[in-house]
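Enquirer: Turn this into a structure:
(one chain, ligands or ions: 3)
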Amino acid sequence: MPDNLRSRVVTQGVQRSPNRAMLRAVGFGDEDFNKPIVGIANGYSTITPCNMGLDLLAKRAETGVRDAGGMPQMFGTITISDGISMGTEGMKYSLVSREVIADAIETVCNGQSMDGVLAIGGCDKNMPGATIAIARLNIPAIFVYGGTIKPGHYNNCDLTIVSAFEAVGQRSAGTIDDDELLAVERNACPGAGSCGGMYTANTMSSALEAMGMSLMYSSTMAAEDAEKADSAEQSAAVLVEAIRQQILPRQIMTRKAFENAISVIMAVGGSTNAVLHLLAIANAIGVELTLDDFETIRQRVPVLCDLKPSGRYVTTQLHQAGGIPQVMKMLLVHDLLHGDALTITGQTIAELLADIPEEPPQGQDVIRPWNQPMYAQGHLAILKGNLASEGAVAKISGVKKPQITGPAKVFESEEDCLAAILDGKIKAGDVVVVRYEGPKGGPGMREMLAPTSAIIGAGLGDSVGLITDGRFSGGTYGLVVGHVAPEAAVGGAIALVEEGDTITIDAQQRLLQLNVSEEELERRRANWQPPTPRYRKGILAKYAKLVSSSSLGAVTDLDC
Ligand SMILES: CC(C)(O)[C@@H](O)C(=O)O
Ligand code: FES
Ligand SMILES: [Mg+2]
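Expert: Residues are numbered from 1 along each chain as shown. Ligands and ions are numbered 1, 2, ... in the order given. Okay, the predicted model is just below:
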């Protein structure tokens with residue numbers, strides 16, 4: 001089989017002379033037309049620290065492709081920065097950007113009949129966006145993560161961007177002054193890299209490593225360390241070999257690979273967004289995966305790592321302690337990982353983990369020994385009930401009791417909710433409802449990091465619940481339930497909540513309940529009017545029209 005299986009339609013034969021003429025202009029010589037053409041989807045961008053280091057990785061990947069006998073072709077993909085758009089109308093574009101990235105990579109790679117693709121990304125949506133494209137394309141592919149930011153330092157504490165969000169809550173609660181807020185702001189982000197705790201970007205990079213779509217150890221390296229750039233070049237060599245062997249995403253991203261990713265996400269204490277993104281990737285590759293699968297796996301997998309947001313350490317410290325392979329080895333020896341799952345290297349997971357010890361190294365407590373986990377079960381629980389008949393995702397790490405029944409404080413947007421918290425209007429025992437922030441309603445499921453951090457900053461993390469049809473940041477923790485489906489904009493029960501109704505969140509019973517009679521709910525349902533769409537033109541309007549329920553991954557090509 002030729003290595004240029006796909007690209008030969010643009011490079012071979014008399015009729016393709018004009019195509020070759022153009023390729024000559026971008027650097028192809030006579031001997032290059034029989035080589036595989038490898039797309040390098042470069043998410044480089046100076047709009048955010050998460051992506052500002054990617055250009056170097058892309059250049060190293062180019063070298064790696066060339067040295068391995070392929071022809072690299074670089075193209076740009078977009079990103080937005082969740083951390084910078086957070087709390088603004090712009091954040092509605094965040095989840096939308098996942099689809100834009102997926103569509104862009106699919107468009108270029110299929111439009112130019114590329115033989116393989118190496119995708120490089122940093123910020124949260126880059127990982128699922130690229131992987132959705134890879135799933136649709138089903139051509140040999142590898143993901144290269146831009147790497148995590150190093151922690152900032154202030155007052156003997158390690159800082160991340162979430163420290164800055166929490167400082168806003170502390171400033172409003174009066175526990176810190178302006179000078180301290182400024183000091184946190186100045187020190188939180190010391191350089192390039194994705195947000196440093198086990199937040200969404202680091203969660204998704206870890207998930208892709210667990211799925212065999214990235215090289216081992218590569219998902220927790222610091223963006224600025226030399227090993228990161230080295231691994232980009234190695235990834236390119238691995239990819240060119242995978243093109244020769246025709247190792248395809250559908251052979252790697254199997255049901256087993258998804259189960260492995262979910263186990264790892266639970267063990268590291270990862271972001272709720274992983275639920276949404278893995279459902280979307282599964283839809284793209286054609287693997288059956290439902291919300292219930294997350295709950296089944298959660299019940300058997302312990303949280304092994306003490307990582308932020310609710311824990312103590314950042315991702316560079318996980319890397320020093322042995323990284324994702326160490327966590328995977330522990331899961332493997334306890335039958336919580338499928339060792340026979342294939343990776344892009346051509347080797348299985350078990351083969352790659354063969355030399356790793358069964359217990360984490362001594363002298364560190366980032367990865368706990370197997371018999372001393374942080375939590376005996378996973379921290380992402382799937383709740384159901386009359387408030388979420390399709391399901392909702394709760395994050396239950398960092399709270400004393402994952403249970404609350406209290407009066408509803410209802411907000412029709414994130415902004416109104418944040419203002420009430422900062423004004424001291426939310427009291428212990430309340431259950432905050434933020435609605436019409438769902439996939440269609442927002443649209444785009446904004447992440448409620450500012451309100452949830454303000455609750456933590458006000459010292460109410462254990463005593464106030466928050467539910468939303470929007471999403472959370474990977475930096476969120478507390479008694480929080482997101483992705484409530486069906487969402488308010490399509491008439492889900494969350495739209496029917498009235499101020500002062502009581503709501504029960506009970507993660508042990510996996511229940512999300514509005515304590516109002518069925519008759520009363522029926523009466524309210526009959527009076528409910530769908531809201532007029534917030535956007536009539538442009539991408540947000542198109543997105544709101546197409547997007548599916550969050551319980552199906554908020555995808556835009558479900559019924560196509
Ligand atoms: C700003 C953050 C922390 O990156 C957030 O967007 C997340 O989802 O983790
Ligand atoms: S804002 Fe990009 S990873 Fe956090
Ligand atoms: Mg995010």
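Enquirer: and residue 412, how many residues sit next to it?
Expert: When neighbours are counted by other CB atoms under 10 Å, residue 412 registers 16. Every residue, glycine included, has its C-beta placed from N, CA and C.
Enquirer: Likewise for residue 254?
Expert: Residues within reach of residue 254, counting by other CB under 10 Å, total 19.
Enquirer: again with the one 10 residues further on
Expert: When neighbours are counted by other CB under 10 Å, residue 264 registers 27.
Enquirer: Could you look up the SS state of it?
Expert: Assigned with DSSP: H, G, I helix; E, B strand; the rest coil, residue 264 falls in the helix class.
Enquirer: these two touch, right, residue 33 and residue 24?
Expert: No: shown here, residue 33 and residue 24 do not form a contact pair, counting by CB atoms under 8 Å, at 9.5 Å.
Enquirer: Those two - which one has more neighbours?
Expert: residue 33 (20 against 13).
Enquirer: pLDDT wise, what is residue 216 at?
Expert: Here, the pLDDT recorded for residue 216 equals 98.
Enquirer: can you check the one 10 residues further on too?
Expert: Confidence at residue 226, expressed as pLDDT, is 98.
Enquirer: List the contacts of the spatially closest residue to residue 323 that is not a sequence neighbour.
Expert: Distance criterion CB to CB, 6 or more residues apart in numbering; nearest residue to residue 323, sequence neighbours excluded, is residue 220 at 4.6 Å. The contact partners of residue 220, by CB atoms under 8 Å, 6 or more residues apart in numbering, come to 148, 202, 205, 206, 315, 316, 318, 319, 323, 324.
Enquirer: now do 6 Å
Expert: Shown in contact with residue 220 (CB atoms under 6 Å, 6 or more residues apart in numbering): 315, 318, 319, 323.
Enquirer: Next, count neighbours for the residue of the stretch 401-550 of the chain found nearest ligand 1.
Expert: Using CB to the nearest ligand atom, the closest approach of the stretch 401-550 of the chain to ligand 1 is made by residue 474 at 2.8 Å. Residue 474 has 30 neighbours, counted by other CB under 10 Å.
Enquirer: Would you agree it is in contact with residue 201?
Expert: No: the pair residue 474 and residue 201 fails to qualify as a contact (CB atoms under 6 Å) at a distance of 7.3 Å.
Enquirer: Quick one: the helices in the stretch 101-250 of the chain, in order.
Expert: Using DSSP state H, counting those that start in this stretch, the helices of the stretch 101-250 of the chain run over 126-137, 161-173, 178-187, 200-210, 226-245, 249-252.
Enquirer: Check those for me and report the most buried one.
Expert: Of the helices of the stretch 101-250 of the chain, the one with the most neighbours on average (mean count of other CB atoms under 10 Å) is helix 200-210, at a mean of 31.
Enquirer: what's it packed up against?
Expert: If contacts are counted by 3 or more CB pairs under 6 Å, 6 or more residues apart in numbering; DSSP states H and E, helix 200-210 sits against helix 126-137, helix 255-268, helix 273-285.
Enquirer: Compare those and report which one is nearest to ligand 1.
Expert: Closest of these to ligand 1 is helix 273-285, at 5.7 Å (criterion: CB to the nearest ligand atom).
Enquirer: And that closest one, how far out from the chain middle?
Expert: For helix 273-285, the gap between its own C-alpha mean and the chain's C-alpha mean amounts to 9 Å (CA atoms, centre = their mean, to the nearest Å).
Enquirer: same thing with stretch 142-157?
Expert: The gap between where stretch 142-157 is centred and where its chain is centred comes out at 16 Å by CA atoms, centre = their mean.
Enquirer: how far does that stretch stretch from start to finish?
Expert: 36 Å (CA to CA, to the nearest Å).
Enquirer: Quick check: which ranges of this structure have low pLDDT?
Expert: Scanning the chain for pLDDT under 70 picks out nothing.
Enquirer: Residue numbers of it in contact with ligand 3?
Expert: Within the chain, the positions lying close to ligand 3 (CB under 5 Å from the ion) are 82, 124, 200, 473.
Enquirer: rerun at 8 Å
Expert: Residues of the chain lying near ligand 3 by CB under 8 Å from the ion: 82-83, 86, 94, 123-125, 195, 199-201, 271, 273, 447, 449, 471, 473-474.
Enquirer: Alongside ligand 2, which residues does this structure contribute?
Expert: Within the chain, the positions lying close to ligand 2 (CB under 6 Å from any ligand atom) are 48, 50, 81, 82, 83, 123, 124, 194, 195, 199, 201.
Enquirer: try 5 Å
Expert: 50, 81, 82, 83, 123, 194, 195, 201 (CB under 5 Å from any ligand atom).
Enquirer: if I look at residue 418, how far off is ligand 2?
Expert: Shown here: residue 418 relative to ligand 2, a distance of 18 Å by CB to the nearest ligand atom, to the nearest Å.
Enquirer: Let me know whether that residue touches residue 452 as I believe.
Expert: No: taking contacts as CB under 6 Å, residue 418 lies outside contact range of residue 452: 9.8 Å.
Enquirer: Neighbour count: these two, which is higher?
Expert: Counted by other CB under 10 Å, residue 418 and residue 452 do not tie: residue 452 has more neighbours, with 34 against 24.
Enquirer: Can you classify the residue nearest to the more buried one when sequence neighbours are not counted as helix, strand or coil?
Expert: Taking CB to CB, 6+ apart, and ignoring the residues beside it in sequence, residue 452 has residue 476 as its nearest neighbour in space, at 4.2 Å. Using three-state DSSP, the structure places residue 476 in coil.
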